[in-house]
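Visitor: Quick one, structure for this:
(one chain, ligands or ions: 2)
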Amino acid sequence: MNDERKQRRFGRKAISVEEARQAVLRHAEPVSIETLGLVDAVRRRAAEDVFAPEPVPHFRRSGMDGYAIRSGDTKDASSANPVAFSVIDNIPCGTVPREAIVSGAAARIMTGAMVPDGADAVVMLEMTEPRENGDETVISVKRHIPSGANVSAVGSDLMQGEPVIRRGERLGPAEIAVLAAVGKPDVTVFRRPKVAILSTGTELLAPGEPLQPGKIRNSNSYMLAAQTANAGGEPAIIESVPDRLDIAAGTIRRLMETDDCDLLITTGGVSVGDYDMMTDFLYEWQGELLFNKIMMRPGSPTSAAVFNGKLLFALSGNPGACFAGFELLVRPAIKKMQGAADPGPASIKAVLDADFPKVNAYTRYIRGKRRVEDGSVFAAPVGEDRSSMLVPGLGADCFIVIPPGGQGVARGTLVDVLPFDDGKG
Ligand code: AMP
Ligand code: MG
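Guide: Ligands and ions are numbered 1, 2, ... in the order given. Got it, this is the predicted structure:
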């Protein structure tokens, strides 16, 4: 290896994960927007602020099945002194009351129906005793019913002009319901960023290919596609390329230039090995290199660059390192491209549930699993945490963050934990 190639591999300057995240976010530009019907907008992020164009409810609405009355009539009501009302109307949902309520009168009313003028309370059906008096129904009430009881005031759910959805917010079932409730059949959302995924490595076979000596199956592309989908992106798996700079360079250039790719992720070939041609590629192409070494384990050779305003992530080939690179850096970028105000990854505190005695030069991200006991969150490493092992990732739901330095971290210490993206956030 000549001196220049050695320098590329070993002379890299490591930055912190947070510096790397900020560098990436600076270049994560929002994608274009589109207007979709509510059902198609589920899991998208809003590209507009939505304010309630009308109050909800827009009429005084009964919260109970019962009788609409004037509360003042029940001022002195008690078991010893029941107050009688004659029932003058019957108000199903969706209809308009025929009569206003005067003192001594009541209207039978259903949950969700319009409270008649004159009435200021609804007494629950169960609190009344009806009796027939000729062809008239009379009810008696044995307690004081306060003004406003079981009546939802106009705008009590949402005032007119109140913000209901903010730009960048993710639309889940509650947000979709609110949009429908305020009379918006469609909503403007961010497009799903198109994410091209390219694995590099002469050893790689597609999952459907028969095994061959010395070769392994490409699992990273599928893992990254699943992570991309969870983050709201639209993954496209590109056929993997061998460790040949000319072939990889051609494919990458083509992808960075087409409109079918908003962001490119490669895996493999960023390390110090003889065939790690992504290291050479990033030096030789016309793009701007953002970083090529991060103070994190696994995944220290994780690199990123920008070309034509598009981000290129060159993640490590080790499955564990590849996974970490995505969660810590690619996921925030994909979220910001959809307008997310706080693209994460979110961090919570948890009690470390096992000793972690290793001394670390870099911050370590250990795959772990959380449990809650007596209101506290505990997190324990899952399996052996070697970045090259794929299977220990099963069952993990978070990274446990082990800071650098010291003599490791003892069980019982409060640590930062980064929950994995489960596609819900
Ligand atoms: P590299 O980063 O290219 O040095 O790869 C590191 C390790 O990860 C090697 O053992 C590779 O065989 C393995 N590896 C690389 N790419 C993939 C992939 N797409 N799927 C699964 N394992 C991979
Ligand atoms: Mg490789």
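Visitor: By residue count, what's the longest strand in this structure?
Guide: When the chain is scanned for its longest strand (criterion: DSSP state E), the result is strand 363-373.
Visitor: The next helix or strand after it - contacts with which helices or strands?
Guide: The helix or strand immediately downstream of strand 363-373 is strand 376-381, counting by DSSP states H and E. Helices and strands touching strand 376-381, by 3 or more C-beta pairs under 8 Å, 6 or more residues apart in numbering; DSSP states H and E, are strand 348-352, strand 363-373, strand 398-402, strand 414-419. Backbone N, C-alpha and C define where each C-beta goes, glycine included.
Visitor: Let me have the ones you listed in JSON lines, extended by mean neighbour count, mean pLDDT and distance to ligand 2.
Guide: Output for the helices and strands packed on strand 376-381, formatted as JSON lines (neighbours: other C-beta atoms under 10 Å; pLDDT from 0 to 100; distance: least, C-beta to the ion, whole Å):
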{"stretch": "strand 348-352", "mean neighbour count": "17", "mean pLDDT": "98", "distance to ligand 2": "33"}
{"stretch": "strand 363-373", "mean neighbour count": "19", "mean pLDDT": "95", "distance to ligand 2": "21"}
{"stretch": "strand 398-402", "mean neighbour count": "24", "mean pLDDT": "96", "distance to ligand 2": "24"}
{"stretch": "strand 414-419", "mean neighbour count": "18", "mean pLDDT": "98", "distance to ligand 2": "27"}
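Visitor: wait, which of the ones you listed is closest to residue 64?
Guide: Ranking the helices and strands packed on strand 376-381 by proximity to residue 64 (C-beta to C-beta) places strand 363-373 first, at 36.8 Å.
Visitor: Show me the contact partners of the closest one.
Guide: By C-beta atoms under 8 Å, 6 or more residues apart in numbering, the residues outside strand 363-373 that reach it are 16-17, 295-299, 320, 324, 328, 350, 353, 356, 358, 377-383, 385, 392-393, 395-404, 417-419.
Visitor: Just give the nearest non-adjacent residue to the closest residue to ligand 2 within the stretch 251-400 of the chain, would you?
Guide: Closest contact between the stretch 251-400 of the chain and ligand 2, by C-beta to the ion, is at residue 268 (3.9 Å). Using C-beta to C-beta, 6 or more residues apart in numbering and skipping residues adjacent in sequence, the residue nearest residue 268 is residue 317, 3.2 Å away.
Visitor: count of neighbours near the one you found?
Guide: Neighbour count of residue 317, defined by other C-beta atoms under 10 Å: 25.
Visitor: Repeat that for the one 3 residues further on.
Guide: Counted with other C-beta under 10 Å, residues neighbouring residue 320 total 23.
Visitor: Compute the first-to-last residue distance for stretch 38-46.
Guide: Start and end residues of stretch 38-46 are separated by 11 Å (C-alpha to C-alpha, to the nearest Å).
Visitor: Number the chain from 390, please
Guide: OK, 390 is where the count begins now, so the last one is stretch 427-435.
Visitor: Could you pull up the mean pLDDT of it?
Guide: The predicted model gives stretch 427-435 an average pLDDT of 97.
Visitor: Pull the residues that contact that stretch.
Guide: With contacts defined as C-beta under 8 Å, 6+ apart, stretch 427-435 is touched by 425, 554-562, 564-565, 568-569, 573-579, 581, 621, 724, 727-729, 812.
Visitor: If we go by neighbour counts, what in it is buried?
Guide: Of the residues in stretch 427-435, 427, 430, 432, 433, 434, 435 count as buried by neighbour count, 16 or more other C-beta atoms under 10 Å.
Visitor: Give me the distance between the residue sitting furthest away from the middle of the chain and residue 475.
Guide: Most distant from the centre of the chain: residue 523, at 61.9 Å, with distances by C-alpha atoms, centre = their mean. Counting by C-beta to C-beta, to the nearest Å, the separation of residue 523 from residue 475 is 11 Å.
Visitor: so where's this protein uncertain?
Guide: Counting by pLDDT under 70, the chain contains low-confidence ranges at 774-781, 814.
Visitor: Show me where it has its helices.
Guide: Under the criterion DSSP state H, the chain contains helices at 392-399, 406-415, 562-570, 609-619, 634-646, 666-673, 708-714, 720-726.
Visitor: and the ones you listed as CSV, adding distance to ligand 1?
Guide: Putting these into CSV (distance: least, C-beta to the nearest ligand atom, whole Å) gives the following:
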stretch, distance to ligand 1
helix 392-399, 12
helix 406-415, 18
helix 562-570, 35
helix 609-619, 3
helix 634-646, 11
helix 666-673, 8
helix 708-714, 5
helix 720-726, 18
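Visitor: Would you reformat those helices as a markdown table and include distance to residue 698?
Guide: Compiled in a markdown table, these are given as follows (distance: least, C-beta to C-beta, whole Å):
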| stretch | distance to residue 698 |
| --- | --- |
| helix 392-399 | 25 |
| helix 406-415 | 12 |
| helix 562-570 | 30 |
| helix 609-619 | 19 |
| helix 634-646 | 10 |
| helix 666-673 | 17 |
| helix 708-714 | 21 |
| helix 720-726 | 11 |
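Visitor: Any chance of a markdown table for those helices, columns distance to ligand 2?
Guide: Output for the helices of the chain, formatted as a markdown table (distance: least, C-beta to the ion, whole Å):
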| stretch | distance to ligand 2 |
| --- | --- |
| helix 392-399 | 13 |
| helix 406-415 | 21 |
| helix 562-570 | 43 |
| helix 609-619 | 10 |
| helix 634-646 | 11 |
| helix 666-673 | 8 |
| helix 708-714 | 11 |
| helix 720-726 | 23 |
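Visitor: Nearest to residue 503 among those would be which one?
Guide: Checking those against residue 503 by C-beta to C-beta gives helix 562-570 as the closest, at 16.9 Å.
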